[in-house]
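Asks: Fold the following for me, if possible:
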Amino acid sequence: SGLNSSVGALAASLQSLGDVASHQALAAASSDSAIVSVTGGNATSAAAYTINSISSLATAASERTLTGYADSAATPVSSNGTVKLTVGSQNYQFTLTNNSLVGLRDKINALGAGVTASILTTGNGNYLSLSANAAGATTLTLTDDPAGAATALLTNTNQGSDALFKLNGIDVTQKSNLVNNVIPGVTFQLLATSNNPVTISLRTDRARLSSALQQFVSSLNTTRSDLRAQTG
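Replies: Next up, the predicted model:
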């Protein structure tokens, strides 16, 4: 048990050194971290990539009811209690047991449809606010009496947006600003729109290799000292 800690640290340092070596001690860096930040890397060969421009960031859809309701717990929101929620390609049709903003909010939040409903209280009345839980362009609608009048209950002003950028001159569309499936072994975050090129470079970081070697040597020496202390 006295050797357990030092041997465990030695094993961890050896694993770390192996990981660094297997990836040639490569480190990813951005030429402008205020626009694109590199958040992770597992690449195996040196390279450089250019993000020529970022025309759009990914945002989540967010809409609210077209009108305000005087009493969020009592004023009816549906003509017959039947409502249809559409999120992307999924439709959720349901009947309200409590035909009010409060009942509608609670029913939507219980669906697990990937949206969050809340009530906004203003001087002009109470409004239902619907926000998608994930970024990306989608369809977010709420329809009253879908089999009859099919009256829209929500605005249609913010249906979300995809991240749009050029990588080495190629147009790329992503649902998220965190991109981990475009450059092999590199994860990066889009932070702002820009027409200025940003370079992501993969280069050998000698300091990273030196640190891993130093940690291994230190752990090895500690283990040797602990072994000697147990000999008698």
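Asks: Could you tell me how many residues sit around Arg224?
Replies: Arg224 sits with 12 neighbouring residues when counted by other C-beta atoms under 10 Å. C-beta coordinates here come from the backbone N, C-alpha and C atoms, glycine included.
Asks: Longest strand of this structure, counting residues only.
Replies: strand 47-56 (DSSP state E).
Asks: Mind checking the pLDDT average for that strand?
Replies: Mean pLDDT, strand 47-56: 95.
Asks: can you pull the buried residues of that strand?
Replies: Across strand 47-56, burial judged by 16 or more other C-beta atoms under 10 Å covers Ala47, Tyr49, Ile51, Asn52, Ser53, Ile54.
Asks: What of stretch 167-176?
Replies: Here stretch 167-176 shows Leu167, Gln174, Lys175, Ser176 as buried, counting by 16+ other C-beta under 10 Å.
Asks: what do you get for stretch 57-69?
Replies: Leu57, Ala58, Thr59, Ala60, Ala61, Ser62, Glu63, Arg64, Thr65, Gly68, Tyr69.
Asks: Pull out the buried positions in the lengthiest helix in the chain.
Replies: The residue-count maximum for a helix in the chain (DSSP state H) belongs to helix 206-229. Buried residues in helix 206-229, counted by 16+ other C-beta under 10 Å: Leu209, Ala212, Gln215, Phe216, Ser219, Thr222, Thr223, Asp226.
Asks: would you turn those into TSV with distance to Val182?
Replies: Shown next, in TSV, are these (distance: C-beta to C-beta, whole Å):
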residue	distance to Val182
Leu209	27
Ala212	28
Gln215	32
Phe216	34
Ser219	37
Thr222	42
Thr223	42
Asp226	47
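Asks: how about TSV for these, with pLDDT and distance to Gly160 added?
Replies: Formatted as TSV, the buried residues of helix 206-229 follow (pLDDT from 0 to 100; distance: C-beta to C-beta, whole Å):
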residue	pLDDT	distance to Gly160
Leu209	76	43
Ala212	79	42
Gln215	87	45
Phe216	87	48
Ser219	90	49
Thr222	90	53
Thr223	90	54
Asp226	88	57
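Asks: circling back to that earlier point, what helices and strands are in contact with the longest strand of the chain?
Replies: Applying 3 or more C-beta pairs under 8 Å, 6 or more residues apart in numbering; DSSP states H and E, one finds that strand 47-56 makes contact with strand 163-167, strand 198-204.
Asks: quick one: contacts for Asn99?
Replies: With contact set as C-beta atoms under 8 Å, 6 or more residues apart in numbering, Asn99 has these partners: Pro76, Val77, Ser78, Gly81.
Asks: Val115: which of those residues is nearest?
Replies: Val77 (16.4 Å; C-beta to C-beta).
Asks: State the number of residues packed around that closest one.
Replies: 24.
Asks: My read is that it contacts Leu104, right?
Replies: Yes: counting by C-beta atoms under 8 Å, Val77 touches Leu104, with 5.4 Å between them.
Asks: Residues that sit against both of the two, list them.
Replies: Common neighbours of Val77 and Leu104 (C-beta under 8 Å, 6+ apart) are Val83, Leu96, Leu128.
Asks: Quick check: beta-bridge partners of the first one?
Replies: Beta-bridge partners of Val83, counted by DSSP bridges, are Phe94, Asp144.
Asks: For it, the count of nearby residues, please.
Replies: Neighbours around Val83, by other C-beta under 10 Å: 24.
Asks: can you check the last one too?
Replies: By the criterion of other C-beta under 10 Å, Leu128 has 23 neighbours.
Asks: Skip the chain neighbours and tell me the closest residue to it.
Replies: Thr65 (4.6 Å; C-beta to C-beta, 6 or more residues apart in numbering).
Asks: tell me the contacts of the one you found?
Replies: Val77, Leu101, Tyr127, Leu128, Leu142, Leu153, Leu154, Thr155 are the contacts of Thr65 under C-beta under 8 Å, 6+ apart.
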